[in-house]
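Asker: Everything below, folded, please.
(chains A and B)
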Number of protein chains: 2
Amino acid sequence: MISIGIDLGGTNIAVGAVDASGRIIASGSIKTRAERPYQSVVRDMAHAGLSVLKKAGIPLEEVRSIGVGIPGIAVKETGVVVFCTNLGWNNIPLRDELNRYIDKPVYIDNDATVAGYAESVAGVSAGTRSSVFLTLGTGVGGGIIIDGKPWSGPHGVASEIGHLTLVVDGEPCTCGKLGCLERYCSATAVGRIAIEVLKDHPESSLFALYKDSPSRINAKSVFDAARRGDTAALHAFDQYIKYLSLAINTIISFLDPEIIVLGGGVSRAGDFLLNAVREQLPKYLMFKSMPYSRIETAKLGSEAGIIGAAMLTS
Amino acid sequence: MISIGIDLGGTNIAVGAVDASGRIIASGSIKTRAERPYQSVVRDMAHAGLSVLKKAGIPLEEVRSIGVGIPGIAVKETGVVVFCTNLGWNNIPLRDELNRYIDKPVYIDNDATVAGYAESVAGVSAGTRSSVFLTLGTGVGGGIIIDGKPWSGPHGVASEIGHLTLVVDGEPCTCGKLGCLERYCSATAVGRIAIEVLKDHPESSLFALYKDSPSRINAKSVFDAARRGDTAALHAFDQYIKYLSLAINTIISFLDPEIIVLGGGVSRAGDFLLNAVREQLPKYLMFKSMPYSRIETAKLGSEAGIIGAAMLTS
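Answerer: Predicted coordinates:
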C-alpha cells in the first residue's frame, strides 16, 4: 500500500507518495502562500498529492491514507488544526477540507513528531521502540515515540519540549513566557550566546563579523570558528552544549528512551556536536554508571517530514 | 485472582493480598532492618506475604503474582535491583531470591511508579489512560502511566523527575548534581525556602520557631502559618508553588497526560495546595487556552504502594 505524506510548512508544501517501508516513490513541492484563505492552501495540498500519485503511476485505490505534518497542534479525533502560528491558522478543519478532494483517512500530527516517527521507521532510530527527537532550528521542536508509535498526548500538546522552562525567569521567549528551553538550545540560541561572549573577546576571529553584521553570528559561523579553535567561539559552544546536555538529562530523567535523535540545523555539525554532547552529558546524569539513551544525529534530513506523515495511523 | 503486593521501604515492609480490582483483602507490616544481609530481608518479605495469604484464607494456587515496589531502580527482564540507596542494595537478585520461597512471577518497579499505577487503577486517576504521579516528600519521585501501563523506560530509569534540573547551577542535591527539581519541589524544599524568607521577617509568627529550632520549619508549619495569613509564610508558599508549577509545566509540555497526581507529605495540604497550583499554573503554560492535564491530589495514601505493586504485570 501507498500513503501520501504531506509536509506543510510556512513557506513550502512538500508532498510524496511513500511505500510501507518508508521509501519515497515520487515527490514534489509547491509554495504554501499562507496569506491565502486556508481553502486554497488545502486544495493545493490535495492537488499536489494527486499529482505525485500520477507521476508514480499509482491508482487512488492503492492509497491507504493521507498524513500531514503541521507546524502546530491538531486534535486527532476531529482532524482540526487548533494552532498553526506561522500559517495564521486557528481551528481549521483540515481533515474535512482534504476529504473534499481525496476520500481517504487523514492523519495529522506535529511536524517534529512526524520527523521523529520517520527516523524511528526508516532513519537513525529504526528498530527502536522508544525515542525522542529534537529539532534544533530557529526554535526547538520535539517528537516522542513510545512503544513504536508517536505520542502526542490526549490534548495534542505533548512533546512541546522547546517550551518547558530551562532557566527560571530567563530569556523572554516568543511564546510570551520566560526561560523556555528553545531560548537556550535552538540554532538561534547559539548566535545569542556567542554575541554575549564576543563582547569581551575583541581578539576573536568572529569579533569583526560581530561588530559589522551581528546577524551573521549564527550556529554555523560559531561552530566553524570553534572547530578552528577560536577561544571565544569554543566558550560559546561549551555553554550551548551545557544547556543542550541539561535538556537531554530532562529527557532521560523523565522518559528514558532508547535513543535521543538531534535534528534541525544545529545537527548538521554532526560529530563535532555529538562528541561534545556525549562527553559533557554524564556530568548532568543521575545514573551515569548505568546504560542510558544513545544520542545520535538525524539521518533523513528534509525528507523526514514526508516519510513520517505518510507513516501516520490512527 | 489474588496478587501479593509488597511495599519495600527503608524502615518498614508493608505487604497485602490484593484482588483484581485493587482491593486489599488482608495486609500486614514488618520492620525492614535494612542493616541485615539482603537474604534475611527477602526471606521476611516472603514470609510476610505467605502470612497475609493465610490471614485471608487464600491458597497459594489462587495467587497470580508477587509485585514489589522499591525505593530504587530495577531491571525488569532480570528482576535485579540495581540501586536501592537507603537499603544499601546494589545488584540484588530480588526476583530469584523471592522465588526461593514463593514460586510465582515476580514484578518489580520503582515505588513512585507503583503508587502512580495504583492511583490509576483504584484511586484518583482511575479510568484515565495517561497520568503522571509526583510524590512530594523528603525528595520527589515520579510515576508515569502511558496507555494504562507503568512506563519505566528500557533502562529502568524513567520518571526520575526529581533529578531533572529545575534551576541551572542551583542548590546542591544529595545525588551530587546541582539544581535538581527535588531541591525545589519536595517537602524539604518548603522548609529551606521558608528559612531563607524568615531571615528578613522577624515579625512572622514563625520567626521564634525559626530562631529556636529551625529544623521544625517544615512543609506543615509553613503551610499552617500561610493558611493563617502569615505574610512571610505566604511568601515562601508562593515561591514553592511557582517551582511546583514550573515542574508541572515540564510534565505537560513534555508528556501532556490526562491527569497529574500530587502525592507525598505535601499533598496532605489538599485544597490549599491544589487551589494555589491551579491558579498559578496557567502563567507557566504555553497552551493555556486549550484543555490541559487535570491536577489532583492522591487518594490512596500509604496503601498505594501495596495496591500498585500487586497490580504489576510483565
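Asker: Now do the helices in chain A.
Answerer: A:38-56, A:94-99, A:111-122, A:182-185, A:187-198, A:207-212, A:219-227, A:231-255, A:271-280, A:304-311 (DSSP state H).
Asker: for the ones you listed, which one sits closest to residue B:22?
Answerer: Within the helices of chain A, the stretch nearest residue B:22 is helix A:231-255; the backing value is 25.9 Å (CB to CB). Placement of C-beta: from N, CA and C, glycine included.
Asker: who's in contact with residue A:242?
Answerer: Counting by CB atoms under 8 Å, 6 or more residues apart in numbering or on different chains, residue A:242 touches residue A:280.
Asker: Next, the contact list for residue A:8, please.
Answerer: A:32, A:45, A:68, A:69, A:70, A:71, A:84, A:87, A:111.
Asker: Can you say which of the helices of chain A is packed in most?
Answerer: Most buried of the helices of chain A, by mean neighbour count (mean count of other CB atoms under 10 Å in any protein chain shown): helix A:304-311, with a mean of 30.
Asker: Show residues contacting that helix.
Answerer: Residues outside helix A:304-311 that contact it (CB under 8 Å, 6+ apart): A:3-7, A:9, A:14-18, A:22, A:24, A:27, A:65, A:67-69, A:107, A:109, A:111, A:113-119, A:121-123, A:263, A:298, A:300.
Asker: related to what we said a few turns ago, which of the helices of chain A has the lowest mean pLDDT?
Answerer: For the helices of chain A, the weakest mean pLDDT is recorded on helix A:207-212, namely a mean of 92.
Asker: Let me know whether residue A:123 touches residue A:299 as I believe.
Answerer: Yes: counting by CB atoms under 8 Å, residue A:123 does reach residue A:299; the two are 4.3 Å apart.
Asker: higher neighbour count, these two?
Answerer: residue A:123 (25 against 17; other CB atoms under 10 Å in any protein chain shown).
Asker: Against residue A:262, how distant is that one?
Answerer: Look at residue A:123 and residue A:262: by CB to CB, to the nearest Å, they are 12 Å apart.
Asker: what residues do these two have in common as contacts?
Answerer: Joint contacts of residue A:123 and residue A:262 (CB under 8 Å, 6+ apart) are residue A:298.
Asker: can I get the helices of chain A in TSV with distance to residue B:156?
Answerer: TSV is the format used below for those (distance: least, CB to CB, whole Å):
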stretch	distance to residue B:156
helix A:38-56	43
helix A:94-99	39
helix A:111-122	21
helix A:182-185	26
helix A:187-198	32
helix A:207-212	46
helix A:219-227	35
helix A:231-255	12
helix A:271-280	21
helix A:304-311	28
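Asker: Compute the distance from the centre of stretch A:183-198 to the centre of its chain.
Answerer: Offset of stretch A:183-198 from its chain centre (CA atoms, centre = their mean, to the nearest Å): 19 Å.
Asker: One more: stretch A:298-314?
Answerer: The mean C-alpha position of stretch A:298-314 is separated from the chain mean by 11 Å, CA atoms, centre = their mean.
Asker: before we move on, back to that, ok, which of the helices of chain A comes nearest residue B:94?
Answerer: helix A:231-255 (23.4 Å).
Asker: could you give the angle of the closest one to helix A:219-227?
Answerer: If you take axes from the mean of the first three to the mean of the last three CA atoms, to 10 degrees, helix A:231-255 sits at 110 degrees to helix A:219-227.
Asker: Mind listing the residues bridging to the closest residue to residue A:169 other than its chain neighbours?
Answerer: Leaving aside its sequence neighbours, residue A:169 sits nearest to residue A:178 (CB to CB, 6 or more residues apart in numbering or on different chains; 5.4 Å). Beta-bridge partners recorded for residue A:178 (DSSP bridges): residue A:172.
Asker: Of the helices of chain A, which is nearest residue A:288?
Answerer: helix A:231-255 (10.0 Å).
Asker: any idea of the angle that closest one forms with helix A:271-280?
Answerer: Using the same axes, to 10 degrees: helix A:231-255 against helix A:271-280 is 60 degrees.
Asker: now helix A:231-255, how far from the chain's geometric center?
Answerer: With CA atoms, centre = their mean, you get 18 Å for helix A:231-255.
Asker: How about stretch A:7-23?
Answerer: The mean C-alpha position of stretch A:7-23 is separated from the chain mean by 14 Å, CA atoms, centre = their mean.
Asker: can you count the residues close to residue A:59?
Answerer: Burial of residue A:59 is recorded as 9 neighbouring residues (other CB under 10 Å).
Asker: The one 5 residues further on too?
Answerer: Using other CB under 10 Å, residue A:64 has 15 other residues around it.
Asker: gap between it and residue B:99?
Answerer: With CB to CB as the criterion, residue A:64 and residue B:99 are 47 Å apart.
Asker: Check the burial of the closest residue to residue A:56 other than its chain neighbours by counting its neighbours.
Answerer: Distance criterion CB to CB, 6+ apart; nearest residue to residue A:56, sequence neighbours excluded, is residue A:26 at 3.7 Å. Counted with other CB under 10 Å, residues neighbouring residue A:26 total 17.
Asker: dump the residue contacts of residue A:26.
Answerer: Contacts of residue A:26 (CB under 8 Å, 6+ apart): A:16, A:17, A:52, A:53, A:55, A:56, A:58.
Asker: If anything else comes up later, I'll come back, but that's it for now.
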